[in-house]
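1. here's a sequence, model it:
(one chain, ligands or ions: 1)
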Amino acid sequence: MAVTDAHVVFPARSGGLFRRDRVYALTGASLTIAPGETVGVVGESGCGKSTLARVLIGVQRPTSGTVAHRGRDLWAMPAGERRVTVGTRLGMVFQDPATALNRRLPIHRVLRDPLDVHGRGTPAQRAERVRELMALVGLPASLADRLPGQLSGGQRQRVAIARALALEPELLIADEPTSALDVSVRAQILNLLLDLKERLGLALVFVSHDIQTVRRMSDRVVTMYLGRVVEESPAARVTEHARHPYTRALFSATPGLLHPIQPIPLVGPVPSAVRPPSGCPFRTRCWKADEACAASMPDFATDEGDHRYRCHHPVAGADSTGDLVDQARRARAATSPEPA
Ligand SMILES: Nc1ncnc2c1ncn2[C@@H]1O[C@H](COP(=O)(O)OP(=O)(O)OP(=O)(O)O)[C@@H](O)[C@H]1O
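-> Residues are numbered from 1 along each chain as shown. Modelled structure (predicted):
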């Protein structure tokens with residue numbers, strides 16, 4: 001799958017001060033997913049992660065830009081062909097399985113539904129496929145007649161994953177698949193996704209605001225900020241070796257096994273996607289920002305082939321998190337008014 005230069009503009013939900021307000025949810029975002037690859041997408045709330053995922057999976061039409069499946073533009077296909085491609089080749093697992101599953105259908109019907117919709121197999125083959133799917137995600141067959149509300153959160157998410165896999169998709173997108181679950185079952189669901197990816201040769205896109213989990217799950221990590229992809233790097237480089245100040249700041253604020261939390265101080269929250277800043281959108285919070293950052297968003301620069309970032313003043317590879325904390329504190333002190 002390849003998304004190229006996608007823009008998504010929504011009418012603002014609550015109609016702000018001006019009735020013509022627009023939300024710039026994606027601004028020229030591109031992302032290619034190779035077969036069998038796991039790509040993590042990180043960024044704070046509102047940065048456009050879910051919108052990019054929805055564009056990638058063909059459920060959100062970009063305002064401009066293209067989405068291609070095996071080289072064919074999804075939105076240039078006849079509607080019937082697009083529905084079949086999206087319904088059978090691409091699967092999505094959502095954040096909250098409690099709302100993603102039809103509460104009135106027993107589990108075996110939830111899992112049979114995609115097979116019915118796409119006319120797969122005889123009734124006996126469909127029943128067999130439902131049994132296979134339950135086993136695949138580690139659900140006992142005895143749960144087949146239960147309703148979603150009679151299962152635990154973790155079991156419900158297993159059902160949602162099984163449903164997404166029913167038609168043997170080549171790409172599965174998991175959008176914050178564990179954030180609605182108890183901490184105790186999160187690791188089980190993440191391990192299940194990794195195991196399924198290996199066994200079925202799936203490509204996986206894993207969306208999360210938790211950069212540590214994304215790093216563990218992924219081959220490649222994509223950082224988003226206010227509708228833009230600002231960095232793409234191999235997972236092994238995303239932490240201490242990230243070059244975009246925003247990726248380093250995200251990493252510095254999450255606990256890791258081998259390092260203490262040492263948050264790089266940023267100024268304020270993510271700005272509104274209704275009126276994004278000019279130039280680089282991160283400049284209003286970045287300790288390195290100057291006039292160049294207000295004037296333009298730079299193109300991608302490349303390190304070692306597969307590590308790309310868009311920044312006028314990238315972090316030096318040798319800078320530790322502690323160095324960056326000091327730099328950010330000094331920059332802040334220099335711009336704060338003198339105390340009276
Ligand atoms: N249907 C919609 N109508 C209006 N605005 C929307 C719509 N969907 C998303 N947005 C806005 O688009 C921007 C990007 O939202 P998106 O959900 O893609 O971000 P996100 O990074 O996935 O956030 P979160 O981590 O909170 O899910 C946000 O400002 C959001 O409020």
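
2. surely Tyr246 is in contact with Met224?
-> No: counting by CB atoms under 8 Å, Tyr246 stays clear of Met224, with 9.1 Å between them. For glycine as for every other residue, the C-beta is placed from the backbone atoms N, C-alpha and C.

3. which of these two has more neighbours?
-> Set Tyr246 next to Met224 and count neighbours by other CB atoms under 10 Å: Tyr246 wins out with 29 against 24.

4. can you give me the strands in this protein?
-> All strands of the chain, identified by DSSP state E, fall at 2-11, 22-32, 38-42, 64-69, 72-73, 90-93, 171-175, 203-207, 220-225, 228-234, 301-303, 307-309.

5. any chance of a markdown table for the ones you listed, columns mean pLDDT and distance to Asp290?
-> Output for the strands of the chain, formatted as a markdown table (pLDDT from 0 to 100; distance: least, CB to CB, whole Å):
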| stretch | mean pLDDT | distance to Asp290 |
| --- | --- | --- |
| strand 2-11 | 96 | 27 |
| strand 22-32 | 96 | 21 |
| strand 38-42 | 96 | 26 |
| strand 64-69 | 97 | 30 |
| strand 72-73 | 96 | 39 |
| strand 90-93 | 93 | 41 |
| strand 171-175 | 95 | 36 |
| strand 203-207 | 95 | 32 |
| strand 220-225 | 96 | 18 |
| strand 228-234 | 96 | 17 |
| strand 301-303 | 92 | 17 |
| strand 307-309 | 95 | 17 |
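
6. got the contact list for whatever residue of the stretch 101-250 of the chain ends up closest to the ligand?
-> Closest approach between the stretch 101-250 of the chain and the ligand, counting by CB to the nearest ligand atom: His209, at 5.5 Å. With contact set as CB atoms under 8 Å, 6 or more residues apart in numbering, His209 has these partners: 42-45, 49, 176.

7. residue in the stretch 51-200 of the chain nearest to the ligand?
-> For the stretch 51-200 of the chain, CB to the nearest ligand atom, closest residue to the ligand: Thr51, 3.4 Å.

8. grab the nearest non-local neighbour of that residue.
-> Ranked by CB to CB, 6 or more residues apart in numbering and with sequence neighbours excluded, the top spatial neighbour of Thr51 is Ala25, at 4.3 Å.

9. same question, Gly322
-> Nearest residue to Gly322, sequence neighbours excluded (CB to CB, 6+ apart): Gln262, at 6.3 Å.

10. quick one: neighbours of the one you found, just the number.
-> When counting by other CB under 10 Å, one arrives at 13 neighbours for Gln262.

11. ok, it - contacts?
-> Neighbour list for Gln262: 252, 321-322, 325 [criterion: CB under 8 Å, 6+ apart].

12. and the furthest pair within those?
-> Largest separation among those by CB to CB: Ser252 and Gly322, giving 9.4 Å.

13. who has more neighbours, these two?
-> Comparing Ser252 with Gly322 by other CB under 10 Å, the one with more neighbours is Ser252, at 22 against 12.

14. starting at the chain centroid, how far to stretch 110-117?
-> In terms of CA atoms, centre = their mean, to the nearest Å, the centre of stretch 110-117 is found 26 Å from the chain centre.

15. what mean pLDDT does stretch 149-168 get?
-> Averaged across stretch 149-168, pLDDT comes to 96.

16. give me the phi and psi for the residue of the stretch 101-250 of the chain closest to the ligand.
-> When quoted as degrees, to the nearest 10, the phi and psi of His209 stand at phi -90, psi 0.

17. then Pro140?
-> Per-residue torsions, Pro140: phi -70, psi 140 (degrees, to the nearest 10).

18. show me where the stretch 201-340 of the chain has its helices.
-> For the stretch 201-340 of the chain, the helices defined by DSSP state H, counting those that start in this stretch occupy 211-217, 245-252, 291-295, 321-335.

19. contacts for the longest one?
-> Contacts made with helix 321-335 from outside it, assessed by CB under 8 Å, 6+ apart, are listed as 240, 245, 248-249, 251-252, 259, 262-267, 287-288, 315, 319.

20. buried members of those into PyMOL, please.
-> Remark: buried members of those, expressed as a PyMOL selection using 16 or more other CB atoms under 10 Å:
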select buried, resi 245+248+249+251+252+264+266+287+288+315+319
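
21. check the gap between the residue of the stretch 151-300 of the chain found nearest the ligand and Arg22 for me.
-> The nearest approach of the stretch 151-300 of the chain to the ligand comes at Ala273, 3.8 Å away (CB to the nearest ligand atom). Between Ala273 and Arg22 the distance is 9 Å, computed by CB to CB, to the nearest Å.
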